[in-house]
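**Q** what would the 3D arrangement of this be:
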Amino acid sequence: MIAEYLSLIIGAILVNNFVLSRILGICPFLGVSKKLSTALGMGGAVIFVMTLAGFVTALVHHYVLLPHGLMYLRTIVFILLIAGLVQIVEVLLQRFSPPLYSALGIFLPLITTNCAVLGAAIICADNHYSVIKSTVFCSASAVGFALALLLFASVREKLELARVPRCLEGPAIALLTAGILAMAFTGFSGLGG
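**A** Modelled structure (predicted):
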């Protein structure tokens, strides 16, 4: 059982990384990765929301939708639950960390529409993960998202100081860097599930 969970965690963080392998959550990945401090804040917010979303959506899936034959409402219900959780995070950040709240700006509400959060919940439901397994998977997936975000932000900060050819300045070098980072993550493909 421990080996199964370990494989699930390694797979979610490194092998099937939501941003670099599944190509989900690209908007906040590209938008918030210019500064390491902002990327760290967004990574923390995504970890909190995705873990909580995995737990709550698994509970609703197993104890409300499945028993009552309401699976056709799954996507709508999951989006509403995720939106509510993001609102909680937004209020907490506004109250306890106004600088981070300001730095994240529009990207904080975008966690609601971040397909990585919804994708994790749907993957758990499709694979019939238990509530605990869903929570572990979503948490590990969020850590993988945060890891990719932090790696990308640190590289982008270094690129700000580098002399980049004129034709690659701006979004071009960011996308090229993201592609190279994604290729580097393919080296983890033999580690886990």
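**Q** just for this structure, where's the confidence low?
**A** Scanning the chain for pLDDT under 70 picks out 107, 112-113, 190-193.
**Q** hmm, Leu147 is touching Ile13, no?
**A** Yes - in this structure, Leu147 is within contact of Ile13 by C-beta atoms under 8 Å, at 6.5 Å. Placement of C-beta: from N, CA and C, glycine included.
**Q** which of the two has more residues huddled nearby?
**A** Ile13 (24 against 17; other C-beta atoms under 10 Å).
**Q** which strands and helices sit next to the helix or strand harbouring Leu8?
**A** Here Leu8, judged by DSSP states H and E, is contained in helix 2-10. With contacts taken as 3 or more C-beta pairs under 8 Å, 6 or more residues apart in numbering; DSSP states H and E, helix 2-10 sits against helix 131-161.
**Q** okay, buried residues for the helix it packs on please.
**A** Neighbour counts over helix 131-161 (16 or more other C-beta atoms under 10 Å) mark 131, 133-153, 155-156, 159 as buried.
**Q** residues contacting the residue nearest to Gly44 when sequence neighbours are not counted?
**A** Distances taken as C-beta to C-beta, 6 or more residues apart in numbering place Ala146 nearest to Gly44, at 7.2 Å, with adjacent residues excluded. Ala146 sits next to 42-44, 46-47 when contact means C-beta atoms under 8 Å, 6 or more residues apart in numbering.
**Q** swap in Cys124?
**A** Counted by C-beta under 8 Å, 6+ apart, Cys124 has contacts 54, 57-58, 61, 133-134, 137-138.
**Q** what's the answer for Ala116, then?
**A** Ala116 neighbours (C-beta under 8 Å, 6+ apart): 18-19, 22, 24-25, 46, 50, 141, 145.
**Q** what ranges do the helices span in this protein?
**A** 2-10, 26-31, 36-60, 74-96, 98-104, 115-126, 131-161, 171-185 (DSSP state H).
**Q** need these in TSV with distance to Pro67, can you?
**A** Shown next, in TSV, are the helices of the chain (distance: least, C-beta to C-beta, whole Å):
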stretch	distance to Pro67
helix 2-10	25
helix 26-31	34
helix 36-60	11
helix 74-96	13
helix 98-104	38
helix 115-126	14
helix 131-161	14
helix 171-185	39
